[in-house]
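*Asks:* just coords:
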Ligand SMILES: NC(=O)C1=CN([C@@H]2O[C@H](COP(=O)(O)OP(=O)(O)OC[C@H]3O[C@@H](n4cnc5c(N)ncnc54)[C@H](OP(=O)(O)O)[C@@H]3O)[C@@H](O)[C@H]2O)C=CC1
Ligand SMILES: CC(C)(CO)C(=O)C(=O)O
């Protein structure tokens, strides 16, 4: 399969590196990472230990491939979609956190857009390298649920490249469950400046659980079956499995970078308002992060 990975940061470089073991991959990213990949290839370390030589470019326009995998941060999805729309793709897949990414892609692209979640962990230690900090799973499927030949073919392509992959017929529910996990863990750990494991029994546990319960309430108001216990249980399971992790939002705050709060807790608040459901914990988390973003240290 020919695959363009749009957003060769941490997750994109890992996904692209794994896919390049079995497919023709083009990474779209930034220099100096792109220059290093072009020069010496991509080193995939951490839980893996191999090198590959995907194509790499800083210009994502006018590309064509069987599949575009989108791995930019949620606030960059719209621009990524506009750039991808200058090319030709048979399908697109978002592996991003947050909600609204698939809709933004579908607004611009003339191909089926698949929804996806990734629980692999990735960091980029230096240009030309990516480290897998945890082998997880990719779950993907049609964004409205159900089955499709496109989703099955993409699932097969991921599996033949050695990526743990499930093709699911209930992506809306899975996206809401992942939203509950990120709404509970990311903002709470970013503001409390703790590792994910601190949510298992520390004073911030109740905050994360309440944020997840609110997410489940809004999901149900949207017609998605997500029980409170399932949402809270998902937060506990992930906090336990990633206990030593610095969540991506905490990492963003530590580095003074813009966060994905608008696509996570902010999205939840706007859906809650629309559905007349109260979400005070998510509103507080969102506003505190917004306040930090206004004053964040800039480069
Ligand atoms: N890292 C992880 O372990 C996981 C991440 N995720 C999710 O995956 C998504 C990506 O996360 P992550 O990989 O950590 O983020 P990164 O910031 O590391 O990667 C995104 C990359 O895309 C680049 N980019 C953005 N727009 C363009 C463009 N138009 N052209 C070229 N390059 C572009 C960014 O460059 P620049 O910063 O210069 O704009 C950045 O290098 C997020 O939604 C995250 O929540 C999900 C599971 C695990
Ligand atoms: C699953 C979790 C919470 C792991 O840290 C994550 O997705 C993130 O940090 O963005």
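*Replies:* That came through fine. Because the structure is predicted, anything quoted here is derived from the model rather than measured. Ligands and ions are numbered 1, 2, ... in the order given.
*Asks:* and the stretch 1-150 of the chain, which residues reach ligand 1?
*Replies:* Within the stretch 1-150 of the chain, the positions adjacent to ligand 1 are 7, 9-12, 28-30, 60, 71-74, 76, 79-80, 83, 96-98, 118, 121-122 by C-beta under 6 Å from any ligand atom. (C-beta placed from N, C-alpha, C; glycine too.)
*Asks:* Residue of this structure nearest ligand 1, please.
*Replies:* Using C-beta to the nearest ligand atom, the single residue of the chain nearest to ligand 1 is residue 9, 1.7 Å away.
*Asks:* re earlier: now which of the residues of the stretch 1-150 of the chain next to ligand 1 would you call buried?
*Replies:* Applying 16 or more other C-beta atoms under 10 Å to those, the neighbour count classes 7, 9-12, 28-29, 60, 71-74, 76, 80, 83, 96-98, 118, 121-122 as buried.
*Asks:* Run through who's touching the helix or strand bottoming out on mean pLDDT in the chain.
*Replies:* Every helix and strand of the chain was ranked by mean pLDDT, DSSP states H and E. The lowest is strand 121-123, at a mean of 90. Residues outside strand 121-123 that contact it (C-beta atoms under 8 Å, 6 or more residues apart in numbering): 10-11, 13-14, 46, 130-134, 136, 242, 245.
*Asks:* Filter these down to just the ones in strands.
*Replies:* Residues from the contacts of strand 121-123 lying in strands, with DSSP state E as the criterion: 46, 130, 131, 132, 133, 134.
*Asks:* neighbour-wise, which of these leads?
*Replies:* Using other C-beta atoms under 10 Å as the neighbour test, the ones in strands among the contacts of strand 121-123 are led by residue 130, with 29 neighbours.
*Asks:* Quick check: it touching residue 18?
*Replies:* No: counting by C-beta atoms under 8 Å, residue 130 sits too far from residue 18 to count as a contact (9.7 Å).
*Asks:* which neighbours do these two share?
*Replies:* Common neighbours of residue 130 and residue 18, counting by C-beta under 8 Å, 6+ apart, are residue 44.
*Asks:* Is the least confident helix or strand of the chain in proximity to ligand 2?
*Replies:* No: remark: strand 121-123 sits outside contact range of ligand 2, by C-beta under 6 Å from any ligand atom, the gap being at least 6.8 Å.
*Asks:* who does that strand pair up with?
*Replies:* Paired with strand 121-123 in the same sheet, following DSSP bridges, are strand 129-134 (antiparallel).
*Asks:* who touches the helix or strand following the strand it pairs with?
*Replies:* Once the chain leaves strand 129-134, the next helix or strand it forms, by DSSP states H and E, is strand 138-142. The contact list for strand 138-142, computed with C-beta under 8 Å, 6+ apart, reads 15, 93, 95, 112, 114-120, 147-148, 150-151, 154-155, 158, 163-171, 174.
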